[in-house]
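S.K.: Fold the following, please.
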Amino acid sequence: MAQKVTAAVRTGAHQTEFREYPMPEVPEDAALLKMEVAGICGTDVKFYAKPPITDDVIMGHENIGYIAKAGRVFQQRKNVKEGDLVFVEHYLPCFACEWCHQGDYRLCIGTDWRNNPDALRYGYTSAERAPHLWGGFAQYMYLPWNALVHKVPDKVSPELAGIVTPMANGIQWALFDCGVGYNSSVLIQGPGQQGLSQVVACRQAGASLIIVTGTSKDKVRLNVALRLGADHVINVEEEDPLKRIQEITGGDGVDVALDCTAGGGLAPVHLSIDALRRKGGTMLIQGEIQTFPDFPLAKIANKYITVKCARGHNFQSCELALKQLSSDRFPLDLITTHRMGLNDTDTAIKSVGAAKDVIHVSLMPWD
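M.R.: Got it, this is the predicted structure:
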């Protein structure tokens, strides 16, 4: 095994520097992951343009790889062995707080880098923090005792496994958090990785109507949405989305509205509120909007709307996502559109945010 590990390090806005780090020692309760695929999503695009912390960071939080070396205790606790292909969640929870005991480690303070300077999370942690390898944009990644590891099913390729994170979010947000199920009607705003994963999750759960909105630059993605199970797609730049939703639903509106626009502003929030049925709908929001002038609280109250907030995934949603990927029920390879090597990290991140035909990029550190 090599003595040095090459990594792509974010050193500033739109800046990547390649560095070598020492191969870490692996104690009995830890492991070393040989990276195979690091998925790139919209969050990477956002944080590459506007880094949330000033420290240098090895990005990469959608990580698939082979267990290269693992201590005896780690293998026993995680039920893995050297050579296994695994998906590693980006959370590194404490397993001691109330949230971890409830199974909601996504809310653990140990993973909350926004409010806890000592938090650990893959793709978000300072590369200065030993043993440095806290992100997937590298040849190897360090797995401490609290790493969350899932075995990848035999029939799932590393590249397809690279979309397990958005797929798990789709299951978590649509099914677990918003209650989408048999005969549900759903509006999904934004046909990116998250939105397309919601389509699959909702169709698998038995939704009877799925509507997906996008813009003119989303033409390829909207077509993929239809092939994955959406019933209708709407280009919001060419037609009034609310009017079209009312036409499709016969004026009834939808049961659930999921905002997956990731920075679409206030318009998607207003559309979610207006597109929901007369009483009792559920809407999912993401934390992109800092302020909301003239917030329509009365309308939300009068329509008896339940508001849910997108916040990662849990262990069960990841396991179900891996089962979904292995089912062959949907042409999920339509989402994994591009693959690039570590030397192309800068181009790979920027292409997810700019190129019209790019949905998900698989960064392959050994290519």
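S.K.: alpha carbons only for contacts and neighbour counts from here, please
M.R.: Noted.
S.K.: Which pLDDT value belongs to residue 248?
M.R.: In this model, residue 248 is scored at 98, pLDDT.
S.K.: residues making contact with the helix or strand it falls within?
M.R.: Taking DSSP states H and E as the definition, one finds residue 248 inside helix 241-249. With contact meaning C-alpha atoms under 8 Å, 6 or more residues apart in numbering, helix 241-249 is reached by 211, 213, 234, 235, 251, 252, 253, 271, 274, 275.
S.K.: quick one: the closest residue to the last one other than its chain neighbours and residue 280, what's the gap?
M.R.: In space, residue 275 comes closest to residue 253 once its chain neighbours are excluded; the distance is 5.3 Å by C-alpha to C-alpha, 6 or more residues apart in numbering. From residue 253 across to residue 280, the span is 11 Å (C-alpha to C-alpha, to the nearest Å).
S.K.: Pick out whichever of these two has more residues nearby.
M.R.: Legend: neighbour count by other C-alpha atoms under 10 Å for residue 253 and residue 280, higher for residue 253 (24 against 15).
S.K.: what's the pLDDT at that one?
M.R.: Reported pLDDT for residue 253: 98.
S.K.: Surely it is in contact with residue 276?
M.R.: Yes: contact criterion C-alpha atoms under 8 Å: residue 253 and residue 276 qualify, at 5.0 Å.
S.K.: ok, what's across the strand from the nearest residue to residue 178 once chain neighbours are set aside?
M.R.: Of all residues not flanking residue 178 in the chain, residue 282 sits nearest, at 6.3 Å (C-alpha to C-alpha, 6+ apart). Taking DSSP bridges, one obtains residue 256, residue 306 as the residues bridged to residue 282.
S.K.: Go ahead and confirm residue 282 touches residue 276.
M.R.: Yes: the pair formed by residue 282 and residue 276 meets the contact definition of C-alpha under 8 Å, at 7.5 Å.
S.K.: Overlap of the contact sets of these two?
M.R.: Here residue 282 and residue 276 share the contacting residues 255, 256, 257, scored by C-alpha under 8 Å, 6+ apart.
S.K.: quick check, nearest of those residues to residue 159?
M.R.: Proximity to residue 159 was ranked across the shared contacts of residue 282 and residue 276 by C-alpha to C-alpha; first place goes to residue 257, at 29.8 Å.
S.K.: can you pull out the helices in the stretch 101-250 of the chain?
M.R.: 158-161, 164-170, 193-205, 219-228, 241-249 (DSSP state H, counting those that start in this stretch).
S.K.: Can you add mean neighbour count and give these back as JSON lines?
M.R.: Putting the helices of the stretch 101-250 of the chain into JSON lines (neighbours: other C-alpha atoms under 10 Å) gives the following:
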{"stretch": "helix 158-161", "mean neighbour count": "24"}
{"stretch": "helix 164-170", "mean neighbour count": "28"}
{"stretch": "helix 193-205", "mean neighbour count": "26"}
{"stretch": "helix 219-228", "mean neighbour count": "19"}
{"stretch": "helix 241-249", "mean neighbour count": "17"}
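S.K.: Ok, which of those helices comes nearest residue 114?
M.R.: Short answer: helix 164-170, nearest of the helices of the stretch 101-250 of the chain by C-alpha to C-alpha, at 19.8 Å.
S.K.: So for the closest one, mean pLDDT?
M.R.: For helix 164-170, mean pLDDT is 96.
S.K.: what's in contact with that helix?
M.R.: Contacts of helix 164-170 (C-alpha under 8 Å, 6+ apart): 62, 87, 89, 193-195, 197-201, 312-314, 317-322, 325.
S.K.: Name the nearest residue to residue 356, sequence neighbours excluded.
M.R.: Nearest to residue 356 is residue 217, by C-alpha to C-alpha, 6+ apart, at 5.8 Å.
S.K.: correction: residue 21
M.R.: Going by C-alpha to C-alpha, 6+ apart, residue 21 has residue 5 as its nearest residue, at 5.1 Å.
S.K.: Looks to me like the one you found is in a strand.
M.R.: Yes: judged by DSSP: H, G, I helix; E, B strand; the rest coil, residue 5 forms part of a strand.
S.K.: That one contacts residue 32, doesn't it?
M.R.: No: in terms of C-alpha under 8 Å, residue 5 does not count as a neighbour of residue 32; the distance is 11.4 Å.
S.K.: Between the two, which is the more surrounded one?
M.R.: Neighbours per residue, other C-alpha under 10 Å: of residue 5 and residue 32, the larger number sits with residue 32, 24 against 17.
S.K.: Mind giving me the packing neighbours of the helix or strand harbouring the more buried one?
M.R.: According to DSSP H and E, residue 32 maps onto strand 31-40. Counting contacts by 3 or more C-alpha pairs under 8 Å, 6 or more residues apart in numbering; DSSP states H and E, strand 31-40 packs against strand 62-70, strand 140-143, helix 158-161, helix 345-354, strand 360-364.
S.K.: Of all these, which one comes closest to residue 14?
M.R.: Of all the helices and strands packed on strand 31-40, helix 345-354 sits nearest to residue 14, with 7.2 Å by C-alpha to C-alpha.
S.K.: for that closest one, which positions count as buried?
M.R.: 345, 346, 348, 349, 350, 351, 352, 353 (16 or more other C-alpha atoms under 10 Å).
S.K.: surely the last one meets residue 43?
M.R.: Right, residue 353. No: look at residue 353 against residue 43 with C-alpha under 8 Å: they stay out of range, at 9.7 Å.
S.K.: give me the number of residues near residue 236?
M.R.: 15.
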